[in-house]
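>>> sequence and predicted structure below; questions after.
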Amino acid sequence: MSAITDYFTARTDEHATSALEGLVDLEPEVMEANDASRPRIQLAAGGTPVLQAKGVDPVVALGQLEAALTARPYDEVAKGPRCGKLVAMSDDGDTLVLTVTDELRDALAELNADGVAAAAAAWAIDETSEPSEDSVPFLTAFAELATRAVAQGERMYGYVVI
């Protein structure tokens, strides 16, 4: 069983923590059927931009993406202080808020359409270790979320339900 992962932005770790307390509404509006297959950013009722992802792991998968985008070894990326750092956990331990590194946010924000395609070719998000058909749409939306975060002076986070 895979985790449900959403990505969102917040000004600080403390603000991101409030996602567990319901202060940051991470349940965006229901999508139209024709939009459901395409990852896209939605604004939650509280105005928080949210990208719903189907199990894109905020530690390993995003670490591999950051390594591909920054030409740094995965081991170096994984040792970074904000690589999947636990910011908050629910009392029952089944819901987490984890950090997304600023380096990944910045690298994503710099991507254009060609950069997204190249990144998708270098990064796999499915179990076969081959680029999946979802890579480009997900990275396009993820880069858009990163661009918004940079413009607003915010950081990115993963909201994981196990």
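Sure, I can see it. Residues are numbered from 1 along each chain as shown.
>>> quick one, what contacts the nearest residue to T101 once chain neighbours are set aside?
The shortest distance from T101 to any non-neighbouring residue, by Cβ to Cβ, 6 or more residues apart in numbering, is to R82 (4.7 Å). C-beta here means a position set from N, CA and C on the backbone, and glycine is covered the same way. When contacts are counted by Cβ atoms under 8 Å, 6 or more residues apart in numbering, R82 touches T99, V100, T101, D102.
>>> distance of L111 from M89?
L111 is 31 Å from M89, where distance means Cβ to Cβ, to the nearest Å.
>>> confirm the residue nearest to T101 sits in a strand?
No - R82: not assigned to a strand; according to DSSP: H, G, I helix; E, B strand; the rest coil it is coil.
>>> how about it, phi and psi?
Backbone geometry at R82, expressed as degrees, to the nearest 10, gives phi -110, psi 10.
>>> from L98, how far out is it?
Going from R82 to L98 by Cβ to Cβ gives 9 Å.
>>> swap in R40?
Counting by Cβ to Cβ, the gap from R40 to L98 is 22 Å.
>>> same question, Y157
Distance from Y157 to L98, by Cβ to Cβ: 7 Å.
>>> do me a favour and average the pLDDT over stretch 93-105.
Average pLDDT, stretch 93-105: 97.
>>> wait, T9 touches G153, no?
No - the criterion here is Cβ atoms under 8 Å, and T9 misses it with G153 at 9.8 Å.
>>> more neighbours, those two?
T9 (25 against 8; other Cβ atoms under 10 Å).
>>> please name every helix or strand in contact with the lengthiest helix in the chain.
Criterion DSSP state H: the longest helix present in the chain is helix 135-152. If contacts are counted by 3 or more Cβ pairs under 8 Å, 6 or more residues apart in numbering; DSSP states H and E, helix 135-152 sits against strand 4-10, strand 41-43, strand 49-53, helix 102-109, helix 113-122, strand 155-161.
>>> now it against strand 49-53, angle please.
160 degrees (axes from the mean of the first three to the mean of the last three Cα atoms, to 10 degrees).
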